[in-house]
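Asker: got a predicted model here, sequence first, then my questions.
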Amino acid sequence: MTGITPRACTAHALRARNIDGIDYVGMDLIDVQSVRIARTRNDVVLGPGERPMGGGTWLFSEPQPGLTGLVDLAGLDWPAITDTGDTLSVAATCTIATLSRIRPRAEWHAHPLLAECSDALLASSKVWTTATVGGNVCASLPAGAMISLAASLDATALVWAVDGDDYRVPVRDFVTGATTNVLRPGDVLRSIDIPSSALRARTAFRKISLSPLGRSGAVVIGRRDADGAFVLTITAATDRPVQLRFDTTPSAVTLRHALAAIDNWYDDPHGAPDWRRSVSAVLAEEVRGELDVPRT
Amino acid sequence: MSHEPDLTFEVNGRAVSASAAPGQCLRTVLRDTDHFEVKKGCDAGDCGACTVLVDGDAVHSCIYPAFRAAGKSITTAAGLGTPDALSPVQQSFVDAAGFQCGFCTAGYVVTASTLEGVPAEDLPRRLKGNLCRCTGYRSIRDALQGVCNVESAPDGDSHGRSIAAPAGARIVSGREEYTLDLPTRSVLHLKILGSPHASARVLSIDTTAAEALPGVRLVLTAEDSPATLFSTGRHEHREDDPDDTLVIDTVMRFRGQRVAAVVADTVAIAEQATRLLRVEYELLDAVFDPEVARRPGAALVHPDKTPAQRVDAAERNVLLSFTRAHGDVQEALAGAAATVSGAWRTARVSHVALETHACRGWLDPGGRVVLRTSSQVPHLVRDELCHVFGVEQDAVRVFTKRIGGGFGGKQELLTEDLVMLAVQRLGMPVQYEFTREDEFTLAPVRHPMTVRVTAAASADGELTALDVDVLSDAGAYGNHSRGVLFHSVGESLKVYRCPSVRVTAEAVYTNNPPSGAFRGYGLGQVMFAVEGALDELARKVGVDPFEFRRRNVARPGAPAETDDDDLQFGSFGLDECLDLVRDALGSGRGEPVPVGEPWTAGSGMAIAMIATMPPYGHFADTSVSVDRRGRYTIAVGTAEFGNGTTTVHQQFAATALGTSIDRVSVRQSDTDTVRYDTGAFGSAGSVVAGKAVLLAAERLRERLQGAARGLVGAGTTQDDAAGASARTVSLVAAGVRVGDTVLGFDRLLDAIDPGSESLSAEGRHDGTPRSMAYNVHGFRVAVNAATGEVRILQSVQAVDAGVIINPEQLRGQVEGGTAQALGSALYEEVRTDGAGTVTTRTLRNYHIPAMADVPHTEVLFAHTVDTIGPMGAKSMSEAPYNPIAPALANAIRDATGVRPHELPMSRDRLWRMLDGATR
């Protein structure tokens, strides 16, 4: 009886979930029958039941009924970081650890955001060595801190489209709701491209959760560009990123009114929506105040 | 059906070849290759118990794809050092006593090995991926900073010293065995199909497809279930708990309840087979609100149960209903100078012992069923299995290895019945291991209660009336609900001397997940209400809260009216505890108040009393034996799960027998080892089993002393013999000293029973009479009205535990209880969707305190000597939990002017409360 593995029985067609979608947490991904290491773009054409895998830390943390194949993107050997001067291109397979440790250029005033957003993850630094930036963005959780980072810096997502018609979409629009995004089945996130102009901007970061280092209830990031424009990005508190853009730093009243128009405050065990609305306003005002003061 | 190894990597310097399924994680592959030092805590990357190094980087191996490990070098806790040659970081965990149950420790040690040079203030951030449920983290911080908290002891002088837990070196090096730390080859695995409905009848189950799946050995349904009703909650007297549960029922009363079980060659096959079961359900009406459940017309959860089955009024879902009164509450309220009324609510809380419930069963060569299980009560499990399955006691052996945390959650029979059924049917080894999700959805939770209190006082601050109404949500099955409800209004009220008291209490069935035993056993819920009400009452009459307690508590010479005739003041340290906490809060120690407009500061306190033993008898049979080398062995029923009783029992024996700790070993928690032990709950390990161990050791001492006197007297004149008995006859490590002569164990044993290998004595204790232990907790806090954040500026607990047996272990129990209670006070709530489905099913959605969440707590000891407990000691393991939530609520009330009435006092709730109060 020794050595029987799940492979022996996976020929059976299995119902993916209990009737209402809640299943047991298994210790392993029991329906997975194959792992393919992608070497070329052709390898990323997904078969039925297959999903691309970055680090696997999220995929392996929850049951994935019906997931029968993994396609490991690490085999594509994408350079983790490509700095073209105009753009800092972060491969989807770049680990969070690599991104958080990137050496700054002198003019990157936004550089602290990399560490601040990594620390905003509930996941420990032991996850960052494996978890990827692309995986965090594609999981599209409200508290996905790589989404906070990318959206606040006006990054765009480059997507390898299933039909070959690759496309770019701002990360703030990439996420469409809690765990949903614009990807169609078979689409694969290739990179997150951050404009250098945003990295040169001054930023202010605030996070709150129900416990000191807990999963984020609200992440509010402000950015003040060289031309005086003020960009406020709210994540974690809302089901998808919300960005408020102003030509110049708004007054407290203007900012408050803009925040009052937001209507997609998120509700989960990490904070009630009315609290998220209220504390987001508190954090936003702190961010406004910090950026309103001339840099010394 | 063998499978060729297809994955090679290196573990601790040794090449390993393993067969791994494509979707397997590294953790399960490592355990498949007998690396049991890699623990399963959550299987979701949240807790860190499975941490290993992969090419030098610490990773959570449960979310690390196994195939990625190919060719890599992996280091586990066992690879860092051995018990005889610990690595520096492992040694520091031993020296600091940086563990209790030890289940998180292997992962902690591996993580810590990568943190050299990390400054102390950065540790909480770097360790947010390592959760410990026992210690409260202070001792772990000490370990990381090289603080030594343990000490050695001269022979016979270990009592009162911070002796290290005997398993320490094995725990930090990953060698200590827990329940499932044994090879998985040739064992079958059991998984259940849980009901998708909170209230339904199973009309039919088609098992054909499941049984046809290769590797499936057995499908169990209600047809296979014994017909005997029982309770998963276990007590000394089985009649304490309702008979309302079957091994497998056809009526589903909560979401997730067993519909069927599958036994198969692997966990994966068993789980896949559960999905192939075709079940036809008839949906039944359900009820989820306990207030609604007891009203006429509500859906009935157990309509057929009767008072003979300990269900008081099944026709209105009432499992237990009682009233108690003395004095005239109405009259006292009418004549009071001040009254306070309110309703307080507590949440469902999960124990989150890091080791999930698990059991492995097999047949021994004699055909007896052997169960190795994660249980606080092996003897009670055995006895109930015998009752349910209709077999004699000698047909079942139940034992435990070290257990990865309990907190009351393992005073249950949750896995053993199915394993026994499967082993009986198949004759093969079978294992059933709960997932972390099972812990949230299947394992009982702390009872949610609504407690209404009206309290009254005279103008000079004398408590004149307490009117208390308790409604407890039992959930779908009764298990501990009766005992918890009785206990909830016990010491929480009896700590006060109040001329008129009225109690009404009901525990009610609903279709929610079952509630069960939890640290404090109901006291904490009612204390949250009573201590809050009295805090408010003291304010109204203008009396300091410490002074208010001092005036009104029951004390020797002025006891409370009570029906517990075996409850006695063996000692009384409450006054001293009050002084210690009041002085500490006034000392200026702790953090300063944050500056800024939204912050306001305040302080608060609460008291807690607990009987030192559970009521109605708690029994322990023990023995202590000595061999010819002077090595002692204690046999005792108490399981070790971080309670530290193994150390305490060693200390008792070593002290009584004049020997050193390392000459005393402990055999424990096995129905084969001792005749009987009620079990490790109600903080009984030190004061019941410990007292029995002490008694056995004292009897052994007397026999050895007697033999020595005989030997000295035998070869001498009568004058010398008289002199021998007059001279000091004392035990030393090498034997018995009479005057200047030491008689060795060879001579002593031969004198008693020539040629015998060992000499043994027995001790028994029946858990009565009982004394009382006290806790007083004080907080200074700052509250941010804009965000609801509570910052604890100072935390201090004074405890009256009698004579302190082991100061470091006691401090650890207080800190750990405080941390667990901070979790339920501020963060933790097992949420449901209001229709019986648990929505917080992982640790990342159910936040237990991490290092960053737990402030330093000053732990202070009262100086009392108990006349009832062993060597003057009292129990102190669940009690430190109880005063935390009310003390914190009282401090928040002081800081903000608004009183929280609901747990957890999460930031969003507090913000809403304060926001509403300012409108």
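Answerer: Sure thing, it's come through.

Asker: going by C-alpha atoms from here, please, whenever you check contacts or count neighbours.
Answerer: Fine.

Asker: can you name the residues that contact residue 216?
Answerer: Unless you meant another one, I'm taking chain A. If you count contacts by C-alpha atoms under 8 Å, 6 or more residues apart in numbering or on different chains, residue A:216 has them with A:120-122, A:143, A:207-210, A:236-237, A:270.

Asker: was after chain B, sorry
Answerer: By C-alpha under 8 Å, 6+ apart, the contact set of residue B:216 is B:210, B:262-265, B:269-270, B:273.

Asker: what subset of those is also close to chain A?
Answerer: Among the contacts of residue B:216, the ones lying near chain A by C-alpha under 8 Å from any C-alpha of the partner chain are B:265, B:269.

Asker: from the contacts of residue B:216, which is closest to residue B:529?
Answerer: Ranked by distance to residue B:529 (C-alpha to C-alpha), these are led by residue B:262 at 44.7 Å.

Asker: what's the neighbour count on the closest one?
Answerer: Using other C-alpha atoms under 10 Å in any protein chain shown, residue B:262 has 28 other residues around it.

Asker: count the neighbours of the closest residue to it other than its chain neighbours for me.
Answerer: Using C-alpha to C-alpha, 6 or more residues apart in numbering or on different chains and skipping residues adjacent in sequence, the residue nearest residue B:262 is residue B:219, 4.5 Å away. Neighbour count of residue B:219, defined by other C-alpha under 10 Å: 23.

Asker: a strand runs through residue B:219, doesn't it?
Answerer: Yes: Residue B:219: assigned to a strand according to DSSP: H, G, I helix; E, B strand; the rest coil.

Asker: where are the low-confidence patches of the stretch 251-400 of chain B?
Answerer: Residue ranges of the stretch 251-400 of chain B with pLDDT under 70: none are present.

Asker: tell me which stretches of it form helices.
Answerer: Secondary structure of the stretch 251-400 of chain B, counting by DSSP state H, counting those that start in this stretch: helices at B:267-276, B:290-293, B:329-334, B:378-389.

Asker: so residue B:769 touches residue B:566, yeah?
Answerer: Yes: with contact defined as C-alpha atoms under 8 Å, residue B:769 reaches residue B:566; the gap is 4.8 Å.

Asker: relative to residue B:258, how far out is the residue nearest to residue B:262?
Answerer: 12 Å (C-alpha to C-alpha, to the nearest Å).

Asker: next one: residue A:214
Answerer: According to C-alpha to C-alpha, residue A:214 stands 34 Å off from residue B:258.

Asker: where do the strands sit along the stretch 51-200 of chain B?
Answerer: B:51-54, B:57-60, B:73-75, B:188-194, B:200-206 (DSSP state E, counting those that start in this stretch).

Asker: give me the residues contacting the first one.
Answerer: With contacts defined as C-alpha under 8 Å, 6+ apart, strand B:51-54 is touched by B:38, B:58-61, B:69, B:72-77, B:106-108, B:110-111.

Asker: 10 Å - rerun?
Answerer: Here strand B:51-54 makes contact (C-alpha atoms under 10 Å, 6 or more residues apart in numbering or on different chains) with A:126, B:10-12, B:26-27, B:30, B:37-40, B:45, B:57-62, B:64, B:68-69, B:72-77, B:79, B:104-111, B:113-114, B:129-130.

Asker: now swap in the shortest one and tell me
Answerer: Surrounding strand B:73-75, the residues in contact under the criterion C-alpha under 10 Å, 6+ apart are B:8-15, B:30, B:51-58, B:110.

Asker: what is the neighbour count of residue B:324?
Answerer: With other C-alpha under 10 Å as criterion, residue B:324 counts 11.

Asker: cool, residue A:263 as well?
Answerer: 12.

Asker: and it, helix, strand or coil?
Answerer: Counting by three-state DSSP, the backbone at residue A:263 sits in coil.

Asker: thinking residue B:462 is in contact with residue B:456, fair?
Answerer: Yes: the criterion here is C-alpha atoms under 10 Å, and residue B:462 meets it with residue B:456 at 8.5 Å.

Asker: between those two, tell me which one has more neighbours.
Answerer: Using other C-alpha under 10 Å as the criterion, residue B:462 and residue B:456 rank with residue B:456 on top: 31 against 21.

Asker: check contacts around the closest residue to that one other than its chain neighbours.
Answerer: Leaving aside its sequence neighbours, residue B:456 sits nearest to residue B:339 (C-alpha to C-alpha, 6+ apart; 4.2 Å). With contacts defined as C-alpha under 10 Å, 6+ apart, residue B:339 is in contact with B:332-333, B:454-458, B:463-466, B:533-534, B:536-538, B:540-541.

Asker: output the below-cut-off pLDDT ranges for the chain.
Answerer: The chain I'm using is chain A. Short version for chain A, where the test is pLDDT under 70: A:1-27, A:295-296.

Asker: try again with chain B
Answerer: Flagging of chain B using pLDDT under 70 yields the residue ranges B:1-5, B:714-726, B:919.

Asker: check it for the residue nearest chain A and tell me.
Answerer: Scanning chain B for proximity to chain A using C-alpha to the nearest C-alpha identifies residue B:44 as nearest, at 4.1 Å.

Asker: surely that residue and residue A:62 touch.
Answerer: Yes: the criterion here is C-alpha under 10 Å, and residue B:44 meets it with residue A:62 at 6.6 Å.

Asker: which one of these two is surrounded by more residues?
Answerer: Per other C-alpha under 10 Å, whichever of residue B:44 and residue A:62 has more neighbours is residue B:44, with 26 against 20.

Asker: any idea how far that one is from residue A:126?
Answerer: Taking C-alpha to C-alpha, one finds residue B:44 at 13 Å from residue A:126.

Asker: same question, residue B:71
Answerer: Distance, residue B:71 to residue A:126, using C-alpha to C-alpha: 20 Å.

Asker: cool, residue B:737 as well?
Answerer: Per C-alpha to C-alpha, residue B:737 is found 57 Å from residue A:126.
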